[in-house]
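# my questions concern the predicted model and sequence given below.
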Amino acid sequence: MINSFPRCWSSFADSKQGHYNPKMHPLIPIEYWKKGYKWVVLNQKHAEIVMKDDTVFPLFQMHCKSKTLPEF
């Protein structure tokens with residue numbers, strides 16, 4: 001896990017900050033919301049799970065549309 005320390009450390013950041021949309025409640029309550037990295041890498045198995053999801057992923061598509069500036 002080369003260079004994993006910053007990622008692990010930042011994972012304990014305040015989970016209430018970020019782009020939570022109250023319209024996602026009650027399916028995704030704010031206490032389960034975690035703003036994370038905008039880019040992720042999935043292996044094929046996990047990508048298939050995401051694509052087959054018919055609950056959370058469509059909810060994100062409906063309510064997570066804000067355009068944000070890149071973080072540097």
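All right, it came through fine. Residues are numbered from 1 along each chain as shown.

# in what helix or strand does Q61 lie?
Q61 is part of helix 56-63 when elements are defined by DSSP states H and E.

# buried ones in that helix?
By neighbour count on 16 or more other CB atoms under 10 Å, the buried set for helix 56-63 is L59. Where C-beta positions appear, they are placed from N, C-alpha and C, glycine not excepted.

# surely Y20 touches Y32?
No - between Y20 and Y32 there is no contact under CB atoms under 8 Å: 9.8 Å.

# the more surrounded of those two?
Neighbours per residue (other CB atoms under 10 Å) separate Y20 from Y32, with Y20 holding more: 19 against 11.

# ok, that one to Q44 distance?
Per CB to CB, to the nearest Å, Y20 is found 30 Å from Q44.

# ditto for I30
Using CB to CB, I30 is found at 32 Å from Q44.

# out of the two, which sits in the busier spot?
Neighbour totals were compared for I30 and Q44, and I30 leads with 12 against 7 (other CB under 10 Å).

# which residue ranges of this protein form helices?
Using DSSP state H, the helices found in the chain span residues 5-10, 44-52, 56-63.

# these: lowest mean pLDDT?
Within the helices of the chain, confidence is poorest for helix 5-10, with a mean of 49 (mean pLDDT).
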